[in-house]
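Student: I would like to see how this sequence folds:
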Amino acid sequence: QVQLVESGGGLVQAGGSLTLSCSDSARTITPHAMGWFRQVPGKEREFVATIGWSSGLTYYADSVKGRFTISRDNAKNTVWLQMNDLGPGDTAVYYCGADSSGGHSWFTVSAYNYWGQGIQVTVSS
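Tutor: A predicted model of the protein is given here:
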């Protein structure tokens, strides 16, 4: 059974930083990509960042470009999201996803067939 475990969320003041991690520690899948999405109550889950597992290519939502960095460790099936200069608008539940099947745009929820449990990030002003 695939289990993506997230950690690193919490409460931070505006301008601060957090690093999220997501691990498939059992290495049950070989992903095509792993990505981060976020969701606030009443809104759809939105794309934040993704990384191609073989290529290492990274893609970011415009709202986080220049502030967030996604990285990976292929050997550990782990992906990180370094978040800098956080603002209240970044407050959300953050989810990591793994695409093990391919064939869909990595910017969309439907590309990812495995998800973590979600982790809260709260940025105070």
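
Student: Any stretches of this protein with poor pLDDT?
Tutor: Within the chain, no range satisfies pLDDT under 70.

Student: and if we set it to 90?
Tutor: In the predicted model, the chain carries pLDDT under 90 at residues 1-3, 24-30, 76, 101-104.

Student: Nearest residue to the middle of it?
Tutor: Trp36 (2.0 Å; CA atoms, centre = their mean).

Student: so who does that one touch?
Tutor: Trp36 sits next to 20, 22, 48-50, 70, 79, 81, 94-97 when contact means CB atoms under 8 Å, 6 or more residues apart in numbering. C-beta here means a position set from N, CA and C on the backbone, and glycine is covered the same way.

Student: Kindly report the same for Gly35.
Tutor: If you count contacts by CB under 8 Å, 6+ apart, then Gly35 has 47-51, 70, 79, 96-97, 99, 106, 111-112 around it.

Student: run the last query once more with 10 Å
Tutor: 22, 47-52, 58-59, 70, 79, 81, 95-99, 106-109, 111-112 (CB atoms under 10 Å, 6 or more residues apart in numbering).
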